[in-house]
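Student: Okay, here's the prediction I keep looking at, along with the sequence it came from:
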Amino acid sequence: MDVLDGTINPGAEAVIVNYERLQPSANSLARWLSAQPSMLILDEAHRMKLGANGAYGSACLALGPRARRRLILTGTPAPNGAKDLESLFSFVWPGHGRQTVSRAVGGGDLAHASRVLKPLFTRTTKGELGLPPVTLTRREVSMPSLHQEIYDALRGFHSARAAVAQDDFQAMGKITMYMLMAAISPALLAVGTTRYEPLAYQVPPLQIPDGSPLLDLMRDLPSYELSPKYRETLAIVAANAAAGRKTLVWSGFIRSVTTLEQVLKEFSPALVHGGTDDREAQIARFRNDPDCMVLLSNPATLGEGISLHHDCHDAVYVDRDFAAGRFLQSLDRIHRLGLAPGTETRITVLTCKETIDDVVAQRLEAKLQFMGRILDDPSVHQLADLDDEPAVGGGLDLNDLRALMGHLRAGSS
């Protein structure tokens, strides 16, 4: 067994490599795979969903034909629709996979497509594992008047820019990040993101031209009251803590997470993001310290590779982006094999009325509905349909862009 950190041991019977090392090691891996009959397995295979258009996908597609057998493992094979499936099946079945998927889904009957593709995959659903169902609810909160004014002004500010940049994914991605920030707290706009955010999230502080009404509103921020999403998160965490339940709180922006660290300080929060040096110690404290009642993180950092289902059964999403796969992966941190029978797992999604949150919710619902139907998986269907609950206290695709453009245009009319 060889873990690839440079050159490959020619006598190795198995080589383990992460996706980041695939391209630099492609030539040596190709020689090793071709030397004798081999099998190539992709774990978390959704990482290559961009296919030839992505660094990971192009490397995987180049190496695939060198192996006698190919196998992929993923819980989220089609987070953005049929194109993701085409890339995955192109790897598994070179020369045939893409056309097979295209023909299966071309008629628009996803039940038929599932039957056609079923011989090519196997899936064990959460229902088959006997997992207790998850309770998924949405709490809609209202913005204070200044917060609403800033959001509406920002929406108008970006509408003209979006009309020009609608074919520029990078520019539209930045606009999306600013709108998501504004729906959480306008204070995030003034500082931008950190270098520890994933690349797609990194934006500078918002530059507003002199004379813009938005600039005048932003100058009033020192008197701005607590974000309604933060206030609702505090109420949920406090109620859970009073009942002896720990809470996992998700937000895509690190400055939002660090702000929540102060808001929730009485609950001794643990904090994990891309810049956390003592990640394992923070997670251990959340698991074992009876005073630590909340773990704060972002899905890009903690969305995979950690199991918290023995210690925590409540999660709050302060915000979500358009990445359906990342949402599903993060849900699985507390809802996975090994839960005791009868365990109640509660997921709460916070949204602000008439904001980009509505656009994100609609697009995620469409993506999860597609994935649930193509996989014949009722549990994924369920996650697409949130139950509304009264309040008590970020992977763009073309359809995401269209929905966002409609939201921005509505704000400028």
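Tutor: In hand now; what should we look at?

Student: Would you mark the buried spots in stretch 309-327?
Tutor: Buried residues in stretch 309-327, counting neighbours by 16 or more other Cβ atoms under 10 Å, are found at 309, 312-327. Backbone N, C-alpha and C define where each C-beta goes, glycine included.

Student: I'd like to check which residues are in contact with Gly107.
Tutor: Ala113 (Cβ atoms under 8 Å, 6 or more residues apart in numbering).

Student: how distant is stretch 369-379 from the center of its chain?
Tutor: Centroid separation between stretch 369-379 and its chain, computed with Cα atoms, centre = their mean, to the nearest Å, is 18 Å.

Student: what about dumping the CA coordinates of that stretch to CSV?
Tutor: What follows is stretch 369-379, C-alpha atoms only, in CSV (Å, rounded to 0.1, in the frame of the first residue of the first chain):
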residue,chain,number,x,y,z
GLN,A,369,-35.9,16.8,-6.9
PHE,A,370,-33.9,15.8,-9.9
MET,A,371,-31.4,13.9,-7.9
GLY,A,372,-34.0,12.1,-5.8
ARG,A,373,-35.9,11.0,-8.9
ILE,A,374,-32.9,9.9,-10.9
LEU,A,375,-31.7,7.8,-7.9
ASP,A,376,-35.2,6.7,-6.9
ASP,A,377,-34.4,7.9,-3.4
PRO,A,378,-37.3,9.2,-1.3
SER,A,379,-35.0,10.7,1.4
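
Student: Show residues contacting that stretch.
Tutor: In contact with stretch 369-379 (Cβ under 8 Å, 6+ apart) are residues 76-79, 81-82, 85, 105, 110-111, 113-114, 117-118, 123, 125-127, 133, 324, 380-381, 383-384.

Student: Please apply the same query to stretch 90-97.
Tutor: Residues contacting stretch 90-97 (Cβ under 8 Å, 6+ apart): 42, 45, 48, 51, 60-61, 64-65, 70-72, 86, 88-89, 98, 100, 120.

Student: what's the domain layout of the protein?
Tutor: By the assignment in automatic domain parsing, the chain contains the domains 2-120, 134-142+225-397.

Student: In TSV, list the ones you listed along with mean pLDDT and distance to Leu206.
Tutor: Formatted as TSV, these follow (pLDDT from 0 to 100; distance: least, Cβ to Cβ, whole Å):
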stretch	mean pLDDT	distance to Leu206
domain 2-120	89	28
domain 134-142+225-397	87	13
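
Student: Pick the most deeply packed of those.
Tutor: domain 134-142+225-397 (a mean of 19; mean count of other Cβ atoms under 10 Å).

Student: re the thing from before, reformat the domains of the chain as TSV; add distance to Tyr151.
Tutor: Shown next, in TSV, are those (distance: least, Cβ to Cβ, whole Å):
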stretch	distance to Tyr151
domain 2-120	27
domain 134-142+225-397	6
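
Student: out of those, which comes closest to Thr176?
Tutor: domain 134-142+225-397 (6.4 Å; Cβ to Cβ).

Student: and that closest one, how far from the chain's centre?
Tutor: 11 Å.

Student: Ok, stretch 4-24 next?
Tutor: So, by Cα atoms, centre = their mean, the centroid of stretch 4-24 is 28 Å from its chain's centroid.

Student: Contacts for that stretch, please.
Tutor: Outside stretch 4-24, the residues touching it (Cβ under 8 Å, 6+ apart) are 1-3, 25, 28-29, 32, 35, 47-48, 55-56, 58-60, 63.

Student: hey, C-alpha coordinates of it in PDB?
Tutor: Provided in PDB are the C-alpha atoms of stretch 4-24 (Å, rounded to 0.1, in the frame of the first residue of the first chain):
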ATOM      1  CA  LEU A   4       1.400   9.000  -3.100                       C
ATOM      2  CA  ASP A   5       3.500  12.000  -1.900                       C
ATOM      3  CA  GLY A   6       6.000  12.100  -4.700                       C
ATOM      4  CA  THR A   7       7.200   9.200  -6.800                       C
ATOM      5  CA  ILE A   8       5.200   5.900  -7.000                       C
ATOM      6  CA  ASN A   9       6.800   2.800  -5.600                       C
ATOM      7  CA  PRO A  10       6.800   0.500  -8.700                       C
ATOM      8  CA  GLY A  11       6.100  -2.600  -6.500                       C
ATOM      9  CA  ALA A  12       3.100  -1.100  -4.800                       C
ATOM     10  CA  GLU A  13      -0.100  -3.100  -5.100                       C
ATOM     11  CA  ALA A  14      -2.300  -0.200  -4.200                       C
ATOM     12  CA  VAL A  15      -1.700   3.600  -4.400                       C
ATOM     13  CA  ILE A  16      -3.800   6.200  -2.600                       C
ATOM     14  CA  VAL A  17      -3.800   9.700  -3.900                       C
ATOM     15  CA  ASN A  18      -6.000  12.800  -3.300                       C
ATOM     16  CA  TYR A  19      -7.500  14.800  -6.100                       C
ATOM     17  CA  GLU A  20      -5.200  17.800  -5.600                       C
ATOM     18  CA  ARG A  21      -2.200  15.600  -6.600                       C
ATOM     19  CA  LEU A  22      -3.800  14.000  -9.600                       C
ATOM     20  CA  GLN A  23      -2.600  16.400 -12.300                       C
ATOM     21  CA  PRO A  24       1.000  16.800 -11.200                       C
END
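
Student: Number the chain from 219, please
Tutor: Got it, the first residue is 219 from now on, which makes the last one we talked about stretch 222-242.

Student: got the contact list for stretch 543-554?
Tutor: 264, 267, 293-294, 297-298, 344, 349, 352, 466, 468, 517-518, 520-522, 524-527, 530-533, 538, 563, 565, 582, 586, 598, 601, 613.

Student: Using CSV, write out every CA atom in that stretch.
Tutor: C-alpha atoms of stretch 543-554 as CSV (Å, rounded to 0.1, in the frame of the first residue of the first chain):
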residue,chain,number,x,y,z
GLY,A,543,-24.1,18.5,-3.2
ARG,A,544,-22.4,20.4,-0.4
PHE,A,545,-25.7,20.9,1.3
LEU,A,546,-26.4,17.1,1.3
GLN,A,547,-22.9,16.3,2.5
SER,A,548,-23.1,18.7,5.4
LEU,A,549,-26.5,17.3,6.4
ASP,A,550,-24.9,13.9,6.7
ARG,A,551,-22.5,15.1,9.5
ILE,A,552,-25.3,14.5,12.0
HIS,A,553,-27.6,12.1,10.1
ARG,A,554,-25.8,8.9,9.2
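
Student: coming back round to it: sitting in helices, which of the contacts of stretch 222-242 do you find?
Tutor: Using DSSP state H, the members of the contacts of stretch 222-242 that fall within helices are Ser246, Leu247, Trp250, Ala253, Ala273, Tyr274, Ser276, Ala277, Cys278, Leu281.
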